[in-house]
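J.: Below is the structure, and that's it, no one-letter string:
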């Protein structure tokens, strides 16, 4: 699949169906303690990573705006900002959206949460903080597009991020296509399950519905029952 094709499926499929696909294949990981500004936020896309740290040489510093420009439309910024001060607010989020990125996932804190919520709220973080990070607490060329830890999970550049108010998950880039294929099958089955419940099926009838879920293996081959 192309990245555009993947993003279209991520948009259409419920994150819960992607979670179930990851569990089926025994891959992926789920972040802990990272929450969205808006409960309506849904985020998905390819990770562009950065680690922020104290930089002694000002000539080595990259601004958040420069890091944002490294992403492509549809990407998700994944930043490790390991301090209690905020690293971004409304202006940076406007810059993110202006460059076509889906949003930001932070091991860190933010400000302007009301304003960010009003313009989409697709920022996931440890929460708000009024105090701003020092100007030399920034990434460098050596700390962008490297594996970073966010929410207790290692995210590599190119992995896919997906989630909503229920939580965030990481889909390994080498398995994203087969995960999305299984997620589509899960979505079809979920609709059948909902219809059966609405129709008043008995527990015995529900056993049959549970047997209707189609599964594929990690290579994309259908598993015959």
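T.: Noted; the coordinates are in hand. Computed from a predicted structure; not experimentally measured.

J.: Report the contact partners of the residue sitting nearest the centre point of the chain.
T.: Residue closest to the average C-alpha location in the chain (CA atoms, centre = their mean): residue 161, at 2.8 Å. Shown here is residue 161, whose contacts under the criterion CB atoms under 8 Å, 6 or more residues apart in numbering are 43-47, 76, 78, 105, 155, 168-171. For every residue, glycine as well, the C-beta is placed using N, CA and C.

J.: Residue 4 now?
T.: The neighbours of residue 4, taking CB under 8 Å, 6+ apart as the test, are residue 74.

J.: hang on, isn't residue 15 packed against residue 163?
T.: Yes - with contact defined as CB atoms under 8 Å, residue 15 counts as touching residue 163 (5.5 Å).

J.: top strand in this protein by residue count?
T.: strand 43-51 (DSSP state E).

J.: ok, back up a step: now the buried members of the contacts of residue 161.
T.: Applying 16 or more other CB atoms under 10 Å to these, the neighbour count classes 43-47, 76, 78, 105, 155, 168-171 as buried.

J.: Count residues in the vicinity of the residue lying closest to residue 222 once chain neighbours are set aside, would you?
T.: Distances taken as CB to CB, 6 or more residues apart in numbering put residue 216 closest to residue 222, at 5.4 Å, once the chain neighbours are dropped. If you count neighbours by other CB atoms under 10 Å, residue 216 ends up with 16.

J.: who has more neighbours, residue 15 and residue 163?
T.: In this comparison of residue 15 against residue 163, neighbours counted by other CB under 10 Å, the higher total goes to residue 163 at 23 against 20.

J.: quick one, what contacts residue 220?
T.: Remark: with contacts taken as CB under 8 Å, 6+ apart, residue 220 is in contact with 177-178, 181.

J.: er, residue 94 I mean
T.: Residues near residue 94 by CB under 8 Å, 6+ apart: residue 119.

J.: gap between it and residue 221?
T.: For residue 94, the distance to residue 221 under the criterion CB to CB, to the nearest Å works out to 46 Å.

J.: Name the residues contacting each of residue 15 and residue 163.
T.: In contact with both residue 15 and residue 163: 42, 44, 169, using CB under 8 Å, 6+ apart.

J.: what about the helices in the protein?
T.: All helices of the chain, identified by DSSP state H, fall at 3-12, 15-25, 64-68, 90-98, 113-118, 176-198, 203-210.

J.: rank those by mean pLDDT and give me the bottom one.
T.: Of all the helices of the chain, helix 203-210 carries the lowest average pLDDT, namely a mean of 85.

J.: now, among the buried ones among the contacts of residue 161, which is nearest to residue 118?
T.: Using CB to CB, residue 43 comes nearest to residue 118 of these, at 17.0 Å.

J.: Just list the residues touching the closest one, thanks.
T.: Taking CB under 8 Å, 6+ apart, one finds 36, 76, 102-103, 105, 122, 124, 161-164, 168 in contact with residue 43.

J.: cool, and residue 99?
T.: When contacts are counted by CB under 8 Å, 6+ apart, residue 99 touches 68-69, 71, 73.
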